[in-house]
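Trainee: From the sequence below, what's the structure:
(one chain, ligands or ions: 2)
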Amino acid sequence: MLKLWKKVTDQLSREVGEEEQLTWLRPLSARQEGDQLIVSAPNAHVERNVRKSYLERIATLAKAAQPTLGGVQLVVGSAEAEPVEVAAPALAAPGTTAMPKPPMVESRIDRRYSFENFVEGTSNRLAKASALQVATRAAFYNPLVMYGGTGLGKTHLLHAIGNHILKERPDARVLYVRSEDFYNGMVRALQQGQIEAFKSVYRTLETLLIDDVQFFAGKDRTQEEFFHTFNVLYDAKQQIVLTCDRYPKELDRLEQRLKSRFGWGLSVAVEPPDFETRTAILMQKAQEIGVAVPQSGAELIAQRMRTSASVRDLEGALYTLKARSNLVGATIDADFISETLRDQFSVAERQLSPGNIQKVTGEFYRIPLSDLLGKKRTRQIARARQVAMALCKTHTTMSLKDIGQSFGGRDHTTVLHACKVIEELRRTEASFVDEWDMLTRRLSV
Ligand code: ADP
Ligand code: MG
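Mentor: Numbers count the residues shown, from 1 in each chain. Ligands and ions are numbered 1, 2, ... in the order given. All right, here's what the predicted structure looks like:
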């Protein structure tokens, strides 16, 4: 660090509180150019605040420390910019521009995931549109929360936001982080006595993309730290985007104050893709992976694997096809697909027959099948029956009438009622969401 700058900040740190130090002074860096001290702020927001509250004091302190100093300039720009290697741009071939400055934070954005290769369908349209708006700053939702089951494209959209921003501005302070890594980073920083440095990285971001915040549940110290980080970014009007495997307000063991903050912006659900979207995703992924699957083949897979809702499973099927077709050198037609994916298809279908749903649900609630299908109407039995009906509705293509039939010949209005009750429960009771997810997992292993 520049000696002069160190003197200035040492003094200034004694004059202001810790919070101010971290938020406004720590992110600054400085270099000397001629008789000027150039102070860089990471973004316009920090720049404005420093100009307003500290710049005069900085100039006074700097001149006191180095009387020959001509002046102090505050700029937005890359930290610690080394005296620029003037030769580099000069050597660049005519017509090409100089290399962009390296990002100041390692963004951890995965280049493979973009908006361009994200297939849109009714199930994810809103999430994609909101993500794109945030990335282009066309609208400002803070925080943007994307929630939904695994393998549905939430992480993909986070990276897409990051990539979009970095394409426009390669030196943007964007960071993708999994909640787990936030936690691990925090623990490590605490152990090594570097918590201040840890904090300052997060608190000077322009866009924080944080994945799978359900991981914070029950981790109080992490929630506390994240709470403060959230506040600093939020107050500074920096963008926060987070994902969660369920509606965050339904997360157990998440502090109320975090829940309420997560609700300040926009929350959008990412749903499992429908048949058309599954087909489109398969076609696109097949091309990316480099496996020749005809449209009819993609439709066949989308149809037969309808019950396995996750896009990741669809991808898995394509890899399996690719591996086997390379091995035996066959073209990928309907027969080849049926044969190769026999296990995936039959697992999906066997697991999700009404019979199996009834069996798994009965076992889960410890209710004999005869009661589940019978006439008894105790609270516990009635609830289990409704859950099983709703599972049939969600995970099979059976009509309400057929579902009623398979539950001891009940009426379709009974099934409809059950589905509504369960839908309401899933919206309002976090503990029920856990039950539902657990059951769903049991059905699809
Ligand atoms: P999540 O974070 O919701 O669990 P991911 O974003 O990791 O899911 O998605 C799992 C895989 O499926 C990734 O490879 C992702 O690229 C792919 N995927 C999911 N949804 C889509 C989509 N709509 N279009 C293209 N690929 C998708
Ligand atoms: Mg994910």
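
Trainee: Let's test this: mean pLDDT of stretch 188-197, rounded?
Mentor: For stretch 188-197, mean pLDDT is 92.

Trainee: Stretch 133-141 now?
Mentor: Stretch 133-141 carries an average pLDDT of 87.

Trainee: Packing partners of the host helix or strand of Ser370?
Mentor: Per DSSP states H and E, Ser370 falls inside helix 369-373. Helices and strands touching helix 369-373, by 3 or more C-beta pairs under 8 Å, 6 or more residues apart in numbering; DSSP states H and E, are helix 354-365, helix 379-395. From N, CA and C alone the C-beta is placed, and that goes for glycine too.

Trainee: quick one, phi/psi of the residue in the chain that ligand 1 sits nearest to?
Mentor: Ligand 1 sits closest to Gly153 of the chain, with a gap of 2.7 Å, by C-beta to the nearest ligand atom. When quoted as degrees, to the nearest 10, the phi and psi of Gly153 stand at phi 110, psi 10.

Trainee: repeat for Gln36
Mentor: Dihedral angles of Gln36 (phi, psi; degrees, to the nearest 10) stand at phi -110, psi 140.

Trainee: what about it, how many neighbours?
Mentor: Using other C-beta atoms under 10 Å, Gln36 has 13 other residues around it.

Trainee: about what we covered before: what about the helix holding Ser370, distance to the chain center?
Mentor: Centroid separation between helix 369-373 and its chain, computed with C-alpha atoms, centre = their mean, to the nearest Å, is 41 Å.

Trainee: can you dump the C-alpha coordinates of it into PDB?
Mentor: Taking C-alpha atoms only, helix 369-373 is exported to PDB below (Å, rounded to 0.1, in the frame of the first residue of the first chain):
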ATOM      1  CA  LEU A 369     -53.300 -49.300   2.700                       C
ATOM      2  CA  SER A 370     -56.800 -50.600   3.500                       C
ATOM      3  CA  ASP A 371     -57.400 -47.500   5.600                       C
ATOM      4  CA  LEU A 372     -56.000 -45.200   3.000                       C
ATOM      5  CA  LEU A 373     -58.400 -46.600   0.400                       C
END
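
Trainee: For it, give the mean pLDDT please.
Mentor: Averaging pLDDT along helix 369-373 yields 94.

Trainee: Identify all contacting residues around that helix.
Mentor: When contacts are defined by C-beta atoms under 8 Å, 6 or more residues apart in numbering, helix 369-373 is touched by residues 358-359, 361-362, 381, 384-385, 388, 407-408.

Trainee: Give me the nearest residue to Trp5, chain neighbours excluded.
Mentor: Ala30 (4.0 Å; C-beta to C-beta, 6 or more residues apart in numbering).

Trainee: Quick check on that neighbour: phi, psi?
Mentor: Here is the backbone geometry of Ala30 (degrees, to the nearest 10): phi -150, psi 160.

Trainee: what's the burial count for it?
Mentor: 23.

Trainee: what bridges to it?
Mentor: Val39 (DSSP bridges).

Trainee: residues touching it, list them.
Mentor: 2, 4-5, 8, 37-40.

Trainee: out of those residues, which are buried?
Mentor: Buried members of the contacts of Ala30, counted by 16 or more other C-beta atoms under 10 Å: 4-5, 8, 37-40.

Trainee: could the residues you listed go into CSV alongside distance to Phe227 and pLDDT?
Mentor: Output for the buried ones among the contacts of Ala30, formatted as CSV (distance: C-beta to C-beta, whole Å; pLDDT from 0 to 100):
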residue, distance to Phe227, pLDDT
Leu4, 36, 92
Trp5, 31, 92
Val8, 31, 92
Leu37, 36, 93
Ile38, 35, 92
Val39, 30, 91
Ser40, 29, 85
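
Trainee: Strands of the stretch 201-350 of the chain, start to end?
Mentor: Taking DSSP state E, counting those that start in this stretch, the strands of the stretch 201-350 of the chain run over residues 207-211, 239-244, 266-269.

Trainee: could I get those as JSON lines with mean pLDDT and mean neighbour count?
Mentor: Output for these, formatted as JSON lines (pLDDT from 0 to 100; neighbours: other C-beta atoms under 10 Å):
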{"stretch": "strand 207-211", "mean pLDDT": "97", "mean neighbour count": "24"}
{"stretch": "strand 239-244", "mean pLDDT": "96", "mean neighbour count": "25"}
{"stretch": "strand 266-269", "mean pLDDT": "91", "mean neighbour count": "18"}
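
Trainee: now these in JSON lines, with distance to Glu423?
Mentor: Below are these laid out as JSON lines (distance: least, C-beta to C-beta, whole Å):
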{"stretch": "strand 207-211", "distance to Glu423": "27"}
{"stretch": "strand 239-244", "distance to Glu423": "19"}
{"stretch": "strand 266-269", "distance to Glu423": "13"}
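
Trainee: just to revisit the earlier point, out of the helices and strands packed on helix 369-373, which gets nearest to ligand 2?
Mentor: Proximity to ligand 2 (C-beta to the ion) singles out helix 379-395 among the helices and strands packed on helix 369-373, at 21.3 Å.
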